[in-house]
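Visitor: need a 3D model of the following:
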Amino acid sequence: MRQYDPVEVRRGEEQDPDQFLWRGRLWKVRSVLAHRVETGPWWQGAADGDGAASHPLAERELWRVEAGRGASPGRRVPDEESPPTCGVFDLSFDWTDGRWQLVGCPD
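Guide: Next up is the predicted model:
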């Protein structure tokens, strides 16, 4: 899998990703295929004087979603000139910096 650029994500009522904007195109999430939370290695956490961790470990949420293209911003219909119009995407939300990133597109 390749690394991709940051994306803008709008969450739905259940706090799942509902839509995302990637490379100027709007993608509508059709279904969530998988969701998990990853934490950093416990041995890399900062420790205070008595060896206890002084802050929680960094966390990120990973979402595998099936999404279809919606209209590009400023357009009413999808741009038929550049397929594909649907696919599977891996989105990551990093709790440390509050950013979303498209981390994979296995299709």
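Visitor: and the longest strand along the chain, what does it pack against?
Guide: Taking DSSP state E as the assignment, the strand of the chain that covers the most residues is strand 25-39. Other elements packing on strand 25-39 under the criterion 3 or more C-beta pairs under 8 Å, 6 or more residues apart in numbering; DSSP states H and E are strand 17-22, strand 59-69, strand 86-94. Using the backbone N, CA and C atoms, a C-beta is placed for each residue, glycine as well.
Visitor: ok, 7 Å please
Guide: Strand 25-39 is packed against strand 17-22, strand 59-69, with contacts defined by 3 or more C-beta pairs under 7 Å, 6 or more residues apart in numbering; DSSP states H and E.
Visitor: so what angle separates the directions of it and strand 17-22?
Guide: 120 degrees (axes from the mean of the first three to the mean of the last three C-alpha atoms, to 10 degrees).
Visitor: list the buried ones in strand 25-39?
Guide: Of the residues in strand 25-39, 25-27, 29, 32 count as buried by neighbour count, 16 or more other C-beta atoms under 10 Å.
Visitor: as CSV, these with distance to residue 92 and pLDDT would be great.
Guide: Shown next, in CSV, are these (distance: C-beta to C-beta, whole Å; pLDDT from 0 to 100):
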residue, distance to residue 92, pLDDT
25, 19, 91
26, 19, 94
27, 15, 95
29, 15, 96
32, 14, 95
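Visitor: mind putting the helices and strands packed on strand 25-39 in TSV, distance to residue 94 and mean pLDDT included?
Guide: As requested, the helices and strands packed on strand 25-39 are exported to TSV (distance: least, C-beta to C-beta, whole Å; pLDDT from 0 to 100):
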stretch	distance to residue 94	mean pLDDT
strand 17-22	14	94
strand 59-69	5	93
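Visitor: okay, and for this protein, where does confidence drop off?
Guide: Filtered on pLDDT under 70, the chain yields the residue ranges 1-4, 42-57, 71-84, 106-107.
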